[in-house]
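>>> I'll drop the sequence and a predicted model, then ask my questions.
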Amino acid sequence: MTSETRDNSDRIARIFTNLNTAWQVVGSVAAPILFTLLFILYMTDTSLIMYQWLMWLHLPVIMIHEFEEYIFPGGFKTFINKKTILANKECREDSILNEPYIFLVNPLLIWPWAILGAVFYTIPWIGFGLIIFQFVINNLQHTITFQLVSKGYNPGLGTTVFLLIPYCTVVTWYVLTHPILTTTDWVLSLLLCGVIFLTLLSITHMRMKHAATG
């Protein structure tokens with residue numbers, strides 16, 4: 001790597017570090033506000049559409065989970081790169097999960113997905129696809145996959161166990177007990193989750209391969 005290439009790489013890393021700091025702070029401030037507004041809406045709006053309300057609730061739930069991962073106690077990037085089955089201890093700290101990847105997954109993918117799921121609640125497979133994604137990615141990884149190498153606490157485990165899993169379970173129960181999703185909606189939810197999952201898996205695989213070859 002030339003000096004100019006290294007400087008450009010460092011400049012890009014600094015930009016995304018600042019962007020990630022910004023959205024993480026925004027999320028930590030917005031989450032309690034959104035929770036409060038949604039609670040007020042639940043208590044006062046007699047015409048409340050429960051599925052849409054549950055979809056809006058997903059956004060602050062995600063923000064609180066990200067707060068634990070990246071702010072307090074934080075350390076999720078280092079954990080992924082050094083203490084999981086993805087880890088390559090001989091490589092850089094950001095060899096798998098780096099600042100641009102964090103930005104891609106969270107404010108560019110997950111936040112808009114949650115918002116679109118709430119706005120377009122009449123197309124229920126959009127928002128429920130993210131619920132399935134949460135089960136496959138966050139809920140499974142934090143509680144089982146990460147435990148294969150590093151048993152015990154990992155950044156995000158607390159909110160996964162006490163917030164994400166209960167939330168996803170309630171939404172799934174609601175969908176199963178109410179006429180929300182048709183068979184086609186279930187299939188589309190699974191397909192949407194599968195496409196996103198495989199795309200991220202492909203990116204992760206490429207980064208692992210690059211890290212292994214230097």
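Now that the structure is in, tell me what you want to look at.
>>> And the next helix or strand past the helix or strand containing Ile62?
Under the criterion of DSSP states H and E, Ile62 resides in helix 50-70. The helix or strand immediately downstream of helix 50-70 is helix 76-82, counting by DSSP H and E.
>>> How far off centre is that following helix?
15 Å (CA atoms, centre = their mean, to the nearest Å).
>>> Name the residues of that helix that are buried.
Phe76, Lys77, Phe79, Ile80, Asn81, Lys82 (16 or more other CB atoms under 10 Å). (Glycine included, C-beta is placed from N, CA and C.)
>>> can you check stretch 104-115 too?
For stretch 104-115, the neighbour count (16+ other CB under 10 Å) marks Val105, Asn106, Pro107, Leu109, Ile110, Trp111, Trp113, Ala114 as buried.
>>> Touching, the first one and Leu200? I think so.
I take that to be Val105. Yes. With contact defined as CB atoms under 8 Å, Val105 counts as touching Leu200 (6.9 Å).
>>> just to revisit the earlier point, go through the buried residues of helix 76-82 and name the one nearest Lys209.
Nearest to Lys209 among those: Asn81, at 14.7 Å, using CB to CB.
>>> Quick check: closest non-adjacent residue to that closest one.
Closest residue to Asn81 apart from its sequence neighbours, by CB to CB, 6 or more residues apart in numbering: Ile96 at 5.0 Å.
>>> And the one you found, what's its pLDDT?
Note on Ile96: pLDDT of 87.
>>> quick one: it from Leu59, how far?
Distance, Ile96 to Leu59, by CB to CB, to the nearest Å: 26 Å.
>>> So for the helix ranked longest in the chain, mean pLDDT?
The longest helix of the chain (DSSP state H) is helix 3-44. Helix 3-44 comes out with an average pLDDT of 90.
>>> How far away from the center of its chain is that helix?
13 Å.
>>> That one packs against which elements?
Counting contacts by 3 or more CB pairs under 8 Å, 6 or more residues apart in numbering; DSSP states H and E, helix 3-44 is packed against helix 50-70, helix 99-103.
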